[in-house]
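Asker: dropping the sequence and predicted coords here.
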Amino acid sequence: MKIAIIGQQDFGKAVLEAFLARGDTVAGVFVAPEKEGAKPDPLKVAAQEKGLAVFQFPSLKAPEATAKMKELGADIGIMAFVLQFAPQEFVSIPKHGTIQYHPSLLPKYRGPSSINWPLIKGETKTGLTIFRPNDGLDEGPVVLQKETPISADDTLGSVYFDRLFPMGVKAMLEAADLVVAGKHRETKQDEGQASYEGWCRAAEAKINWANHVDFVYNVIRGCNPAPGAWTTLNGKKVQIFDSRKQVIRTFGAVKGKIGEISEIGPQSFFVTAQGGRIEVLKAKHEEGKKVSSAEFVAQNRLSVGTLFGS
């Protein structure tokens, strides 16, 4: 089939390579312009290395973008990690329209941080959706869905890179084949089950040690590796990455005050929250690099009683 890819970053690159590997024709690649001073987008670099036409329009609503898509004569448009708004007059141009990837089980978790929020909220499953883009955000009819469980200790990194990324690449190929062959079904999203969440950024990733340890742990793993859950130490920002949760069973087992380091071991240190402790395995001071807990303790001269978040 002859496709047009609209995308960005490593996921867009992987989708491009998957279609090429099986012999499909890529008529052109649409990539959002990089911000000033940023590295070239991985999808753009891969497309150029393969001699493909690359288009970087500031807006896909521009008449020039519409004209270029018409010129390509693609069978189907493939939207792989797209942050630009793509209007209907653009996505409807390919012969069989356009399909888009989204890393959640739509209609739940519409929005740009749809992998973070299920972990932060303690969900036990997530997945991906291939759908028809419309003028709403992640609101178009569903073409294909795949589920994956979320374990109690999964992180954003493990869910995305180990599962939703490779599953998503395969699902885009499968959905494209179904659509071009006319064998797919489109299911309208149930608005009664829908939710929309915005970006999970620094403000949302701040740790409140007075929250229950379950919630604190979910914030840490839902922001690992990005944007990185954070707290403060002597007024400086500290991000916490790999960690474990330890539930307290009795009053007598409580150690330390909320936000306080209650124990330091050879490989980790423990911070008290409501109902338990967070065992920190990797952390990053705003003035340093991500390091093991042992290195972090030595670099910052931590001791039992050191208080975070003050």
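Answerer: On my side now, so go ahead.
Asker: would you map the strands across the stretch 151-300 of the chain?
Answerer: With DSSP state E, counting those that start in this stretch as the criterion, the stretch 151-300 of the chain has strands at 229-233, 236-240, 243-247, 261-264, 269-273, 276-280, 282-285, 291-292.
Asker: now the ones you listed in TSV, with distance to A176 and mean pLDDT?
Answerer: (Each C-beta comes from the backbone N, C-alpha and C, glycine too.) Output for the strands of the stretch 151-300 of the chain, formatted as TSV (distance: least, Cβ to Cβ, whole Å; pLDDT from 0 to 100):
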stretch	distance to A176	mean pLDDT
strand 229-233	37	98
strand 236-240	39	98
strand 243-247	39	98
strand 261-264	52	98
strand 269-273	46	98
strand 276-280	43	98
strand 282-285	39	98
strand 291-292	43	98
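Asker: to V254, which of those strands lies closest?
Answerer: Of all these, strand 269-273 sits nearest to V254, with 7.5 Å by Cβ to Cβ.
Asker: quick one: list the elements packing against the closest one.
Answerer: strand 261-264, strand 276-280, helix 293-300 (3 or more Cβ pairs under 8 Å, 6 or more residues apart in numbering; DSSP states H and E).
Asker: convert the C-alpha atoms of the longest one to PDB, please.
Answerer: Okay, so that is helix 293-300. Extracted in PDB, the C-alpha atoms of helix 293-300 (Å, rounded to 0.1, in the frame of the first residue of the first chain):
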ATOM      1  CA  SER A 293      20.700   5.800  46.300                       C
ATOM      2  CA  ALA A 294      24.100   5.000  47.700                       C
ATOM      3  CA  GLU A 295      25.700   7.700  45.600                       C
ATOM      4  CA  PHE A 296      22.900  10.100  46.300                       C
ATOM      5  CA  VAL A 297      23.300   9.600  50.100                       C
ATOM      6  CA  ALA A 298      27.000  10.200  49.900                       C
ATOM      7  CA  GLN A 299      26.800  13.200  47.600                       C
ATOM      8  CA  ASN A 300      24.200  15.000  49.700                       C
END
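Asker: ok, back up a step: out of the helices and strands packed on strand 269-273, which is closest to K183?
Answerer: That would be strand 276-280 among the helices and strands packed on strand 269-273, by Cβ to Cβ, at 48.8 Å.
Asker: so what strands line up beside the closest one?
Answerer: Paired neighbours of strand 276-280 in the sheet (DSSP bridges): strand 243-247 (antiparallel), strand 269-273 (antiparallel).
Asker: just send these back as TSV, with mean neighbour count and distance to I220 too.
Answerer: TSV is the format used below for those (neighbours: other Cβ atoms under 10 Å; distance: least, Cβ to Cβ, whole Å):
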stretch	mean neighbour count	distance to I220
strand 243-247	17	5
strand 269-273	24	10
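Asker: save those as a markdown table, and put in distance to P33 too.
Answerer: Putting those into a markdown table (distance: least, Cβ to Cβ, whole Å) gives the following:
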| stretch | distance to P33 |
| --- | --- |
| strand 243-247 | 37 |
| strand 269-273 | 42 |
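Asker: right, and those strands - which one's nearest A203?
Answerer: Across the strands paired with strand 276-280, closest to A203 is strand 269-273 (Cβ to Cβ), at 19.5 Å.
Asker: orientation of the closest one relative to strand 229-233 in degrees?
Answerer: 100 degrees (axes from the mean of the first three to the mean of the last three Cα atoms, to 10 degrees).
Asker: please identify which of the strands of the stretch 151-300 of the chain is closest to G305.
Answerer: G305 sits nearest to strand 261-264 of all those, at 6.6 Å, using Cβ to Cβ.
Asker: which parts of the closest one are buried?
Answerer: 261-262, 264 (16 or more other Cβ atoms under 10 Å).
Asker: which one of those residues is nearest to K245?
Answerer: Nearest to K245 among those, counting by Cβ to Cβ, is S262 at 14.1 Å.
Asker: contacting residues for the nearest residue to A46 once chain neighbours are set aside?
Answerer: Distances taken as Cβ to Cβ, 6 or more residues apart in numbering put K13 closest to A46, at 4.5 Å, once the chain neighbours are dropped. By Cβ atoms under 8 Å, 6 or more residues apart in numbering, the contact set of K13 is 42-43, 45-46.
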